[in-house]
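K.L.:
build the 3D model from these lines:
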Amino acid sequence: MSWNGLIGLAAAAALLLFSAPGIAKDKGRQIDVPARQDRGERANVRHARIALYYSPVGGVLRSKGVDKVTSPHPGIYCIKPTRNLDTSKFIASVSVDWFESDGADVMAQWAGLAVNCPDIYKWFQVRTYELDLRDGSYPNPSDRVGFTFIVP
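P.N.:
Have a look, this model is predicted:
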């Protein structure tokens, strides 16, 4: 088998593994998004469709265009927009917020398809990790990472 065939087979196996029915159906924990009228700290981002400022301690601190945030598994955050969008057609950006994170060896990334969320075409997914650089371990999913998430 060629390298291209092996890579394709590995990608298909990973997609099948991470999109198994039991993964997406686990409701996990719900993270409250303050109601519009209660949101004194509405995100002031004029040119963004969606913006989210998340803290592992305080939850959603500021947001724009966000209806719901859930965390079905440690280090996985599902973000549902208020508008009915095909999220697979958008490009998002995520960045670690070091002040809100617990530790310095952390990272956050946007997942192009929200395979761990209720609907891969209606939700965005962010994954957060922490590293232990002392022992050279691989990144571990973590709920101790603060981040900002923006969809222009």
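
K.L.:
for stretch 49-65, list the C-alpha coordinates in PDB.
P.N.:
Provided in PDB are the C-alpha atoms of stretch 49-65 (Å, rounded to 0.1, in the frame of the first residue of the first chain):
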ATOM      1  CA  ARG A  49     -20.000  37.400  13.700                       C
ATOM      2  CA  ILE A  50     -19.200  35.300  16.900                       C
ATOM      3  CA  ALA A  51     -16.900  36.100  19.800                       C
ATOM      4  CA  LEU A  52     -16.400  34.300  23.100                       C
ATOM      5  CA  TYR A  53     -14.100  35.000  26.100                       C
ATOM      6  CA  TYR A  54     -14.000  31.900  28.300                       C
ATOM      7  CA  SER A  55     -12.500  31.400  31.700                       C
ATOM      8  CA  PRO A  56     -12.200  27.900  33.400                       C
ATOM      9  CA  VAL A  57     -13.200  29.600  36.700                       C
ATOM     10  CA  GLY A  58     -15.800  32.200  35.600                       C
ATOM     11  CA  GLY A  59     -17.300  30.500  32.500                       C
ATOM     12  CA  VAL A  60     -18.400  32.700  29.700                       C
ATOM     13  CA  LEU A  61     -17.100  36.200  30.600                       C
ATOM     14  CA  ARG A  62     -18.100  38.000  27.400                       C
ATOM     15  CA  SER A  63     -19.700  36.900  24.100                       C
ATOM     16  CA  LYS A  64     -21.400  38.000  20.900                       C
ATOM     17  CA  GLY A  65     -23.500  35.700  18.800                       C
END
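
K.L.:
buried residues in that stretch?
P.N.:
Using 16 or more other CB atoms under 10 Å as the test for burial, stretch 49-65 gives 49-56, 60-65. To be clear about C-beta, it is placed using only N, CA and C from the backbone, and glycine gets the same treatment.

K.L.:
what's the closest of those residues to residue 152?
P.N.:
residue 49 (6.8 Å; CB to CB).

K.L.:
residue boundaries of the strands in the protein?
P.N.:
Here the chain has its strands, by DSSP state E, at 29-31, 50-55, 59-64, 66-73, 76-81, 93-97, 106-111, 124-130, 140-141, 146-151.

K.L.:
of all the ones you listed, which one is nearest residue 87?
P.N.:
strand 124-130 (5.3 Å).

K.L.:
what angle separates that closest one from strand 93-97?
P.N.:
Strand 124-130 and strand 93-97 are oriented at 30 degrees to each other (axes from the mean of the first three to the mean of the last three CA atoms, to 10 degrees).
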